[in-house]
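sequence below, structure please.
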Amino acid sequence: MNRPLQNRLFRAIFLITIISLVLSLSAVEFFFGDMEDTILDIQLAKEQAYFMDQIKNESPQNLKEIRTWGSAHLTAVFLPDGLTDKTLPIYLHDLPSPYSAEIETGDDTHLIIVKPVLDPVGRLYIAQDITYLEGRESLLQITLLSVFLAASVIGVVMATASSRQLVNPLKHLTREIQATKPDKSMQRLATDYQDIEFINIASAFNRFLDALEAFVDREKSFVKLASHELRTPLAVITGALDIIEKRNQLSGADRLTLGRIRRATSDMHADVEVLLKLARGESEQGQRVKVSLQRSIRDTIADLESTHADHAGRFIVAEDASDQTLHTDPALLRMLIRNLLQNALKHTRGDIRIALINNGMSVSDDGQGLPDPVIKRLQRPLPAPSQTVKENSFGLLIVQLICERLGWHLTIPRSDDSGTDLHIRFSSPKPSNDTANPD
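Residues are numbered from 1 along each chain as shown. I've put the predicted structure just below:
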């Protein structure tokens with residue numbers, strides 16, 4: 001699933017911020033706790049040494065009973081051997097010797113140390129009241145949590161601003177690229193970005209446009225040359241036919257043959273003009289006239305049957321549909337029909353059925369069906385000039401190109417081992433109520 005780059009950048013920046021914040025606050029918490037423990041350990045070690053000296057300097061008579069020393073936050077007790085600790089404060093009950101730990105009793109917290117004393121035999125209890133330190137630690141934790149929440153909010157704002165700052169130039173560059181339309185002279189992208197990466201992208205795209213325009217110019221030059229080279233032999237053939245007719249030495253059969261050659265030459269000239277227009281991408285709006293679809297189909301069939309005797313009788317035109325009058329270029333329509341029929345002839349030795357359907361026409365055969373690569377290619381936009389096109393699919397490529405130019409639609413409802421159906425849907429067909437151009 002595709003995701004916006006800005007969201008990914010936001011999550012990455014925010015995650016880095018949170019991880020850095022957690023590590024920093026954890027380090028502060030650890031440092032504070034370690035410092036507190038170190039201070040208490042040093043302080044209690046000194047207190048322990050002090051009270052051990054007090055016990056040594058105390059008279060033996062005074063040490064036969066429980067001896068207590070105290071201050072605001074410190075309590076020291078010497079418990080002679082043989083006496084019970086039940087008379088001591090509750091947080092000193094039932095403790096082993098030696099011992100060192102924190103003990104919570106109600107709201108108070110004490111750090112307890114129990115050490116054995118050899119002379120006189122007994123135990124030394126030292127209890128440091130660290131309730132105030134625990135309160136400060138709780139306050140520190142609340143402060144750290146508040147800092148974390150505030151920093152998280154700041155992190156969201158900074159991540160949003162940073163991701164926008166990073167993505168906005170890319171969005172602007174994307175909009176400029178999307179706004180570039182194919183034309184003779186395409187607008188180049190601006191390269192006044194602050195980041196070198198965006199400058200490189202814009203410069204690379206501009207170089208691509210330069211190469212593309214140079215390629216188009218070369219193609220146009222080739223088309224102009226091809227136009228001249230194709231028209232010249234056709235003009236020679238037409239001139240030769242005129243000379244032969246002026247000699248007036250032809251028999252009736254020869255005149256019929258000459259007429260067929262002249263019609264074929266005229267059709268070839270029209271086809272060349274159409275192909276050159278399609279190759280140049282020129283509009284054919286000025287050549288559109290009213291054309292009878294049924295008449296165009298029958299004329300094309302007649303041409304195919306006259307040039308190939310084995311094609312005679314293989315075309316079956318449905319008679320149950322009314323004619324359609326199209327406002328289009330007659331040469332384009334004739335070329336489209338001829339390529340559809342020739343494609344069917346290549347794929348079957350049986351009959352070929354032509355029908356006028358609602359808003360279109362269909363051509364059906366009983367052949368082996370179109371190859372899968374051809375079907376997939378016809379269902380996609382026209383291939384680039386550099387893509388390989390098989391020779392046996394040139395006809396359908398021309399059909400696809402003509403349909404795209406006229407705004408018509410080529411569909412393949414069926415293509416399998418039992419045959420192929422090709423449908424052409426017209427943009428605006430009309431019932432045949434007008435006199436159509438017979439050409």
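
show the residue spans covered by the helices in this structure.
Assigned by DSSP state H, the chain shows helices spanning 5-57, 131-178, 196-247, 252-280, 293-307, 330-347, 372-378, 394-406.

now for these, which one comes closest to residue 356?
helix 293-307 (6.3 Å; C-beta to C-beta). The way it works is simple: take the backbone N, C-alpha and C, and place the C-beta from them, glycine included.

also compute the angle for the closest one relative to helix 252-280, please.
Relative orientation of helix 293-307 versus helix 252-280 (axes from the mean of the first three to the mean of the last three C-alpha atoms, to 10 degrees): 120 degrees.

and helix 293-307, which residues are buried?
293, 294, 295, 296, 297, 299, 300, 301, 303, 304 (16 or more other C-beta atoms under 10 Å).

then stretch 347-358?
For stretch 347-358, by 16+ other C-beta under 10 Å, it's 347, 348, 352, 353, 354, 355, 356.

with stretch 87-103 instead?
Buried-residue list, stretch 87-103, by 16+ other C-beta under 10 Å: 88, 91, 92, 95, 103.

any chance of the residues you listed in a markdown table, with pLDDT and distance to residue 24 too?
Formatted as a markdown table, the buried residues of stretch 87-103 follow (pLDDT from 0 to 100; distance: C-beta to C-beta, whole Å):
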| residue | pLDDT | distance to residue 24 |
| --- | --- | --- |
| 88 | 87 | 44 |
| 91 | 86 | 36 |
| 92 | 87 | 40 |
| 95 | 88 | 39 |
| 103 | 86 | 32 |
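
ok, of these, which one's closest to residue 78?
When the buried residues of stretch 87-103 are compared against residue 78 (criterion: C-beta to C-beta), the nearest one is residue 88, at 10.7 Å.

now that closest one. Nearest residue, chain neighbours left out?
residue 77 (5.9 Å; C-beta to C-beta, 6 or more residues apart in numbering).

domains in the chain, as residue ranges please.
5-154, 183-282, 284-431 (automatic domain parsing).

on that earlier part again, gap between the residue nearest to residue 88 and residue 171?
Distance of residue 77 to residue 171, computed by C-beta to C-beta, to the nearest Å: 75 Å.

which one of the two is surrounded by more residues?
residue 77 (22 against 13; other C-beta atoms under 10 Å).

which of the buried residues of stretch 87-103 sit farthest apart?
88 and 103 (12.5 Å).

is it true that residue 337 touches residue 297?
Yes: contact criterion C-beta atoms under 8 Å: residue 337 and residue 297 qualify, at 5.8 Å.

ok, back up a step: tell me which of the helices of the chain sits nearest to residue 109.
Closest among the helices of the chain, once you apply C-beta to C-beta, is helix 131-178, at 4.9 Å.

I'd like to know which elements that closest one is packed against.
On a contact count with 3 or more C-beta pairs under 8 Å, 6 or more residues apart in numbering; DSSP states H and E, helix 131-178 meets helix 5-57, strand 108-118, helix 196-247.

ranking those by mean pLDDT, which is last?
Among those, helix 5-57 has the lowest mean pLDDT, at a mean of 82.

can you spell out which helices and strands pack onto that one?
By 3+ C-beta pairs under 8 Å, 6+ apart, helix 5-57 packs against strand 67-70, strand 74-80, strand 108-118, strand 121-129, helix 131-178.
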